[in-house]
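Peer 1: I'd like to go over a predicted model; first the sequence, then the structure.
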Amino acid sequence: MLIAGFAAGAWGTNCYVVAPAAGEECVIIDPGHQAAPGVEETLAEHRLKPVAVVLTHGHIDHVASVVPVCGAHDVPAWIHPADRFMMSDPEKALGRSIGMPLMGELTVGEPAEVEELTDGARLRLAGLDFSVAHAPGHTKGSVTFRTPEGADLPSVLFSGDLLFAGSVGRTDLPGGDHAEILDSLARVCLPLDDSTVVLSGHGPQTTIGRERATNPYLRQVATGTAAAPDAAARRGM
């Protein structure tokens with residue numbers, strides 16, 4: 001499996017391009033702010049043809065380039081219905097009043113084709129299998145995507161802003177909920193094998209095993225004893 005990732009835009013959001021191999025079809029995960037040039041460079045470098053854009057949640061730092069990327073390649077975008085409104089109304093999702101400046105000129109709105117994600121869904125895209133888990137807490141419609149474990153490859157969890165190396169997504173924006181994100185960590189992340197690779201919406205790669213041992217939030221839900229750090233330590237928009 002080929003996974004090419006890069007951090008884009010003012011928020012350093014990780015965008016991932018995933019394919020079985022170079023020269024084949026691919027899926028684009030979270031093309032956020034100023035991600036379109038990096039997407040096109042990655043596609044050209046690896047001779048890839050997109051078949052879909054899939055979104056871990058609807059915050060503008062993860063969806064700002066959905067319209068141009070989907071339009072350029074005539075592909076649908078997949079998003080959970082609880083976050084779909086954010087593509088057209090990002091200011092509401094951030095608790096801003098309509099009309100307030102938001103990082104200058106951004107392309108907002110829905111692409112021509114939108115598909116909705118559901119908890120437990122199995123997506124077969126570009127010859128790849130992704131399992132979808134609804135993981136609210138950062139937003140009401142946050143999801144993760146996970147590839148199956150292979151004979152010589154660990155499973156990969158695209159965690160969005162649920163789980164980061166050493167932290168979790170913030171819960172102080174509209175739709176955020178601290179209790180929900182802890183529940184999502186317990187339900188979605190804790191059952192996974194320690195070898196599962198975690199590719200998150202911000203920051204470096206990690207593994208479930210590393211986070212189980214060191215992440216204060218994951219340790220809290222695993223033990224039920226440790227108090228979580230202050231929300232200021234968390235990442236994401």
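Peer 2: Nice, I can see it.

Peer 1: tell me the mean pLDDT over whatever helix or strand Val39 lives in?
Peer 2: Taking DSSP states H and E as the definition, Val39 sits inside helix 36-46. Across helix 36-46, pLDDT averages out at 97.

Peer 1: That helix: which residues count as buried?
Peer 2: Neighbour counts over helix 36-46 (16 or more other CB atoms under 10 Å) mark Ala36, Gly38, Val39, Thr42, Leu43, His46 as buried. All C-beta atoms are positioned from the backbone trio N, CA, C, and that covers glycine.

Peer 1: how about these, which pair is most distant?
Peer 2: For those, the farthest-apart pair by CB to CB is Ala36 and His46; their separation is 16.4 Å.

Peer 1: Quick check: next helix or strand after the helix or strand of the chain with the lowest mean pLDDT?
Peer 2: Lowest on mean pLDDT, DSSP states H and E among the helices and strands of the chain sits helix 90-93, with a mean of 70. With elements assigned by DSSP H and E, the helix or strand that comes after helix 90-93 is strand 114-116.

Peer 1: what pLDDT does the residue nearest the centre of the chain get?
Peer 2: Note on the chain: the residue nearest the mean C-alpha position is Gly160, at 2.8 Å, using CA atoms, centre = their mean. In this model, Gly160 is scored at 97, pLDDT.

Peer 1: Leaving out chain neighbours, which residue sits closest to it?
Peer 2: Take Gly160 and drop its neighbours on the chain: the residue closest to it by CB to CB, 6 or more residues apart in numbering is Thr56, 2.7 Å away.

Peer 1: and Asp129, what are its phi and psi?
Peer 2: phi -110, psi 130 (degrees, to the nearest 10).

Peer 1: Which positions within stretch 209-225 qualify as buried?
Peer 2: Under 16+ other CB under 10 Å, the buried positions of stretch 209-225 are Glu211, Asn215, Tyr217, Leu218, Arg219, Gln220, Val221, Ala222.

Peer 1: still on that earlier bit, if the residue nearest to the centre of the chain is in a bridge, with which residues?
Peer 2: Ser200 (DSSP bridges).

Peer 1: which residues make contact with the strand or helix carrying Ala72 from outside it?
Peer 2: Element membership of Ala72, judged by DSSP H and E, is helix 66-73. Helix 66-73 is contacted from outside by 28, 31, 35-36, 39-40, 49-50, 53, 55, 75-77, 87, 107-113, using CB atoms under 8 Å, 6 or more residues apart in numbering.
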